[in-house]
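Colleague: quick one: sequence plus predicted model below, questions after.
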Amino acid sequence: MHKKVSTWCLSAVLAAGFAMLPASPWNSGAADAAYPEKPIKVIVGFKPGGRTDTVARLMAKEIKERNLLPQPLVIVNVPGAGSTIAGRQVVEAKADGYTLIHWHHQMLIATAMGTFEFGPDNFESIGFAGGGSPVWVVHEDSPYKTWADLHSQLQAKPKSLVEVIGIGSIPHFVGALLSKAANFETRKLAASSGAERSKALLGKHADISLFSAAEYTKWQGGGMRALVFFGPNRVEKIKEVPTARELGYDVAWANPNWWLAPKGTPQDRVDVLAKAFKAVMDDPKIQTWFVDRVLDPYWTDGPTAMTESKKLLVDLKKAAAGIKK
């Protein structure tokens, strides 16, 4: 009898002691408590230094410093083949929550063009962690001071102006979406990178190109003038530039920072990750960081992010059909 009472007392004391321990920021349930037990690999399909890489590293740093997860995110850059190599690595990875990819909507373009053998359905969507929209620009010496000037010229003389693009890239597709909505055509000049596009525009070998708003603000007053912004709303740093929607065209490109996991990753693990990412995006300091770089700070949950992406993919497939003709 004495032994039984002692055992009961010890169990009661231990239970009471554990009940008094403070809750862990990640330990919201039994399923969450065991995950993650080791570092999480985050694949970025581009070289270090670009927006996708920088945002991934910023969020990994915040998660570690604020102890939002018990294990760190380890960023691994896998550039090449338009991020196809990176995407394939994640598609083929074990669906256990220990391999993720931080991507954007270039994946949708590649899917629409048929250059990827996989697409959104091969991933579990964790969510969008902010994004950034581009601008359509002309040389600052261009005679086209406004969108109306440019549009009138293209309507009166189709293909009279040169648009420098990267074949199958975001500049190519955003321009194609606008040209379809506004009923105009340009002549295309291919360039392999943003640097090549800026060189062509600043050298006056082309009339029009598309750059991220962040890129444009670096050159603002240095050779370029923006005529159309593709965000959902105007932004403070380039508040003089109207959106495509303001101009009457239902064309927008947010290019979100999309966190994805391999298809079949357990939902409870996806939820743990989403909770940590949302906590980072809700931080006023992080929101200021985004705004200072002409990016939009927001969090979009995984299912909504997937729905929005699939809807955009329908439009991109239509644009791809026109491009391939």
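Modeller: Now that the structure is in, tell me what you want to look at.
Colleague: tell me the domain ranges of the chain?
Modeller: 37-131+254-324, 134-238 (automatic domain parsing).
Colleague: out of the ones you listed, which is closest to residue 245?
Modeller: Evaluated with CB to CB, the domains of the chain place domain 134-238 nearest to residue 245, the distance being 7.2 Å. Every C-beta, even on glycine, is put in place using the N, C-alpha and C of the backbone.
Colleague: quick one: end-to-end length of that closest one, please.
Modeller: Using CA to CA, to the nearest Å, the span of domain 134-238 from its first residue to its last is 11 Å.
Colleague: quick one: it to chain centroid distance?
Modeller: Computed by CA atoms, centre = their mean, to the nearest Å, the chain-centroid distance of domain 134-238 equals 21 Å.
Colleague: quick one: average pLDDT of it?
Modeller: Taken as a whole, domain 134-238 has an average pLDDT of 92.
Colleague: which residues of the chain fall in helices?
Modeller: Assigned by DSSP state H, the chain shows helices spanning 2-19, 30-33, 51-65, 84-91, 106-113, 147-156, 170-182, 194-202, 213-219, 267-281, 284-292, 302-324.
Colleague: helices or strands up against the third one?
Modeller: Just to be clear, that refers to helix 51-65. If contacts are counted by 3 or more CB pairs under 8 Å, 6 or more residues apart in numbering; DSSP states H and E, helix 51-65 sits against strand 40-44, strand 73-77, strand 99-103, strand 123-131, strand 256-262, helix 267-281, helix 284-292.
Colleague: check which residues of it are buried.
Modeller: Within helix 51-65, the residues scored as buried using 16 or more other CB atoms under 10 Å are 51-53, 55-60, 62-63.
Colleague: from those residues, which one has the minimum pLDDT?
Modeller: Among the buried residues of helix 51-65, residue 51 carries the lowest pLDDT, at 91.
Colleague: what sits closest to it if chain neighbours are left out?
Modeller: residue 132 (6.6 Å; CB to CB, 6 or more residues apart in numbering).
Colleague: wait, that neighbour sits on residue 297?
Modeller: No: Residue 132 lies out of contact with residue 297 (CB atoms under 8 Å); the separation is 10.2 Å.
Colleague: of these two, who's got more company?
Modeller: residue 132 (24 against 19; other CB atoms under 10 Å).
Colleague: how much space separates the more buried one from residue 294?
Modeller: 7 Å (CB to CB, to the nearest Å).
Colleague: now the common contact residues for these two.
Modeller: 212-214 (CB atoms under 8 Å, 6 or more residues apart in numbering).
Colleague: of the residues you listed, closest to residue 116?
Modeller: Using CB to CB, residue 212 is the member of the shared contacts of residue 132 and residue 294 that lies nearest residue 116, at 22.3 Å.
Colleague: need the phi and psi values for the residue nearest to residue 51.
Modeller: Main-chain dihedrals, residue 132, degrees, to the nearest 10: phi -150, psi 150.
Colleague: how about residue 190, nearest residue that isn't a chain neighbour?
Modeller: residue 167 (5.4 Å).
Colleague: wait, doesn't the one you found sit right on residue 193?
Modeller: No: applying CB under 8 Å as the test, residue 167 and residue 193 come out as separate, 11.9 Å apart.
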